[in-house]
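Chemist: Okay, predicted coordinates and the sequence, questions at the end:
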Amino acid sequence: MEPTKTVKLKKASKLGAEQRRTGYLFILPNCIIFVLFFIIPAVLGFYYSLTEYNGFGSPEFIGFANYAKLFSDTSFYKILWHTFLYVLLTVPTVFVAALAIAMGLTRVWIRGRDFMRISVFWPTMISTVIVGLIWRWIFGENSGIVNYLLSLLKGSGLPWLTDSTLAMVTLVIATVWSKAGYFMIIFVGAIEAIPTSYYEAAYLDGAKPWQVFRRITFPLLKPTNFMVILLCMINSFKEYPMILSLTGGGPADATTNIVQYIYKTGFERSDIGYASAASMVMFVILVLIAILQFKLQKGGSNE
Amino acid sequence: MTPKKTTKGMVAGNVIMWVVALLFLFPAVWIVLCSFKPGNELFSIPPTLFPKNPSFSSYLTTWQQNNFLHYFVNSMIVAVASTLITLLINTMAGFAFAKYRFKGRDFIFMALLTTMMLPTEVIMRPTFTVVSTLGLYNTLWGVIIPPIATPTGIFLMRQYFMGVPDSLLESARIDGAGEVRIFATMMVPLAKPVISTLTILSFMWRWNDYVWPMLVISDQSKYTMQLAIANLVGELSIDWNTLLCASVISMVPMLIVFALFQKQIIASVMTSGLKEG
C-alpha cells in the first residue's frame, strides 16, 4: 500500500469525523427546542390524559377513564361536530375561491393583475385576532356596515352574531378573506408553471375554456390541490384566535371548536386530565388526516 | 393561448375580478377609515364612508392612556429577538441537513418537519407545564424561545444549501478552513436571499402570534399587541374606538414589511408554499 493513500484516508476520515461533529452541533439548538416544547409536552399530555389532575398536587392515575367519559359525553360530540362543520364549510370554500381567483388572475387579458393579487393576498398577513375583530365590526348587529346596507335593502338587519347559523356564516366569510389569498398565490405559481403548449394544442382542437380547465389545468394541478387542501384543513382544525375575537365561540357554544374546548377545560376549569384526553383525540384526527392525504397523494401521482 | 380580440366575456371577466379585488380590499380599508372617527361618530347611523371630523384623538387614547405604546414595544422585542435567534439556529440546522452526513440525519429532519403538521394548540396544557417548570412563565423569554425552531425555516435553508455546489466547500477545506469558519464566512453570506425571506416570514409569524403569548403571559405589563387586543375583545362592553386604532397600529408594521418586500413575499409563497401559523 502506498503511504500517501493511508495519509489521505486518515485525513478523509478525520474530516468526516469533524463534519459529523459539526453537523450534530449545528442541529442541536433546534433539537433541544423540539424536545422541550414538542416531544415532552406530547408525552406529558398523553400521561395527563390517563390521570385526574387539577394542576395542584400530583396527578392521580385513572387509566382510560377520561377517554371513556369523553366518548360518552354529548357536549364533546357537539364540539367535535362544530369543529368538523367549520372545517367542512371552510375547506371547499377557501379552495374554490383561491382557485377561481387564481384562474382569473392568470388570464393575460385581465387588467391590473398585480394590484389585484396584492389586494387579495394582503389580508393573509393580518393576525387572525384582528381578522376576527375586523369582521365583528363589519357584521356588528347595531352599527355594522352590513346590517346598515341590509336595512336599506329590506328594512332590517340580520342577527349575524346571535344566531348560530349566521355566526357560522360570518366565520366562513372571515376565513375565506383571511386564507384565500395565500392559497391563491400558490395556485398562481402552479398555473403559471404549466407549459403554454398544452393549451395551444387544445385550443387548436377547438376546446372550450371550461373544457381546457377541466381536462388540462385541473388535472395538472393535482399535487397543488392536495397540498392546499391539507394545509387548509389543518389551519381550520386549529383555528382559535379568529373565532375567539369574532364570535367568542358563541352564541352559546355554537362556534366553539375543539381547541377552545381544550383551553376552557384545561385552563378555566382546570380539568387537565380530561382536557388532555380531548387533546389526544384531536392529535389522532390530525395524524389521520395527514396519513390519508399522504396516501391519496401517492395514489394520485401513480396514475 | 388566448384569442386576440376583446370579447364580451373578457369585459365581464375584468369587471368580476375588479369587484372581487375591491371586496378583498374593503375590510381593512374600512377599519382604517373608521379608526379616524372620533367618539360617537363611530356609531352614527347612517355611517359615512369617510370620517366627518377626522381626528387622532382615539389614537392618542389608545397609544398613551390605554398603554398600547407599551404593548407595541413588547411585541417588537418579541418579534425581533425571536427572529434573530430563528435565523441563527435555522441557518445552522438547514446547512447541516444539506451538507453534512451523519447518523439519523434524515430521520431527525423528518421528525422536525412533522411538527409543522401538529400544532402547539393541541398540547397547550402540558406545554404550559414545561414553560412554568423552566421558569419561563410570565416572562418575554417564554414568548420568544419556544417558537424559534421553525420547521419552515429549516426546510427553506436546507433547500437553499442543497443548491450550493460541494466543490465550493471542498476547496475551502483544502485551503485549511475549519467547518465553523466556512459556515460563518462563506455560507452565510451566500444565503442572503433565503435569510431575508426567512426574516420577513419569522417577523410576521411572531408579530401576529397569539397562542404563545396567551399561554405564557399573565401580567398586563408584559402583554403583546395581539394579547392586549384579544383581551379587550373579550370584555363585556367593547371599546371599539380603542380596538380599531389598536388593530390599525398592529397592521402598520406588516404593511411596511409588505410594501418593502412584496415581490419577495409573494415569490416565496409561490415556490415553497409552506406555512406555519
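Modeler: Perfect, I can see it now. Numbering: from 1, shown residues only, chains lettered A, B, ... in the order given.
Chemist: which regions of chain A sit below the pLDDT cut-off?
Modeler: Judged by pLDDT under 70, chain A has its weakly predicted residues at A:1-13, A:15, A:297-303.
Chemist: Going along the chain, name the strands of it.
Modeler: With DSSP state E as the definition, chain A shows strands at residue ranges A:51-52, A:60-61.
Chemist: what's the closest of those to residue B:208?
Modeler: Taking C-beta to C-beta, strand A:51-52 is the member of the strands of chain A nearest to residue B:208, at 34.6 Å. For the C-beta atoms, the positions are set from N, CA and C on the backbone; glycine is no exception.
Chemist: Briefly note if the closest one comes near chain B.
Modeler: No. Between strand A:51-52 and chain B, judged by C-beta under 8 Å from any C-beta of the partner chain, nothing touches; the nearest distance is 11.5 Å.
Chemist: tell me which strands and helices that strand is in contact with?
Modeler: When contacts are defined as 3 or more C-beta pairs under 8 Å, 6 or more residues apart in numbering or on different chains; DSSP states H and E, strand A:51-52 sits against strand A:60-61, helix A:65-71, helix A:272-302.
Chemist: residues in the stretch 151-277 of chain B within reach of chain A, list them.
Modeler: B:154, B:173, B:178-180, B:183, B:204, B:207-211, B:226, B:229-230, B:233-234, B:240, B:243-244, B:247, B:250-251, B:254, B:257-258, B:262, B:265-266, B:269-271, B:273, B:275, B:277.
Chemist: swap the cut-off to 6 Å and go again
Modeler: Residues of the stretch 151-277 of chain B lying close to chain A by C-beta under 6 Å from any C-beta of the partner chain are B:179, B:208, B:210, B:226, B:229-230, B:233, B:247, B:251, B:254, B:258, B:266, B:269-270, B:273, B:275.
Chemist: okay, among the residues you listed, which ones form the most distant pair?
Modeler: Based on C-beta to C-beta, the longest span within those runs between B:179 and B:233 and measures 50.3 Å.
Chemist: ok, back up a step: most tightly packed of the helices and strands packed on strand A:51-52?
Modeler: Ranked by mean neighbour count under mean count of other C-beta atoms under 10 Å in any protein chain shown, those are led by helix A:272-302, which reaches a mean of 17.
Chemist: show me the contacts for residue A:238.
Modeler: By C-beta atoms under 6 Å, 6 or more residues apart in numbering or on different chains, the contact list for residue A:238 reads A:259, B:119, B:121.
Chemist: so can I have a markdown table of those showing neighbour count and distance to residue B:12?
Modeler: Shown next, in a markdown table, are the contacts of residue A:238 (neighbours: other C-beta atoms under 10 Å in any protein chain shown; distance: C-beta to C-beta, whole Å):
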| residue | neighbour count | distance to residue B:12 |
| --- | --- | --- |
| A:259 | 25 | 42 |
| B:119 | 21 | 41 |
| B:121 | 22 | 43 |
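Chemist: closest to residue A:119 among those residues?
Modeler: Residue A:119 has its nearest neighbour among the contacts of residue A:238 in residue B:119, at 28.6 Å by C-beta to C-beta.
Chemist: measure the closest one to chain A for me?
Modeler: Distance check for residue B:119 against chain A: by C-beta to the nearest C-beta, to the nearest Å, it reads 4 Å.
Chemist: Could you tell me how many residues sit around residue 25?
Modeler: Picking chain A for this. By other C-beta atoms under 10 Å in any protein chain shown, the residues close to residue A:25 number 14.
Chemist: Wait, chain B was what I had in mind.
Modeler: So residue B:25, with other C-beta under 10 Å, has 17 neighbours.
Chemist: And for residue B:16?
Modeler: Number of residues near residue B:16 (other C-beta under 10 Å) recorded here: 14.
Chemist: Could you pull up the residues touching residue A:170?
Modeler: Residue A:170 is in contact with A:135, A:139, A:160, counting by C-beta under 6 Å, 6+ apart.
Chemist: near chain B too, which of the residues you listed?
Modeler: Filtering the contacts of residue A:170 for proximity to chain B by C-beta under 6 Å from any C-beta leaves nothing.
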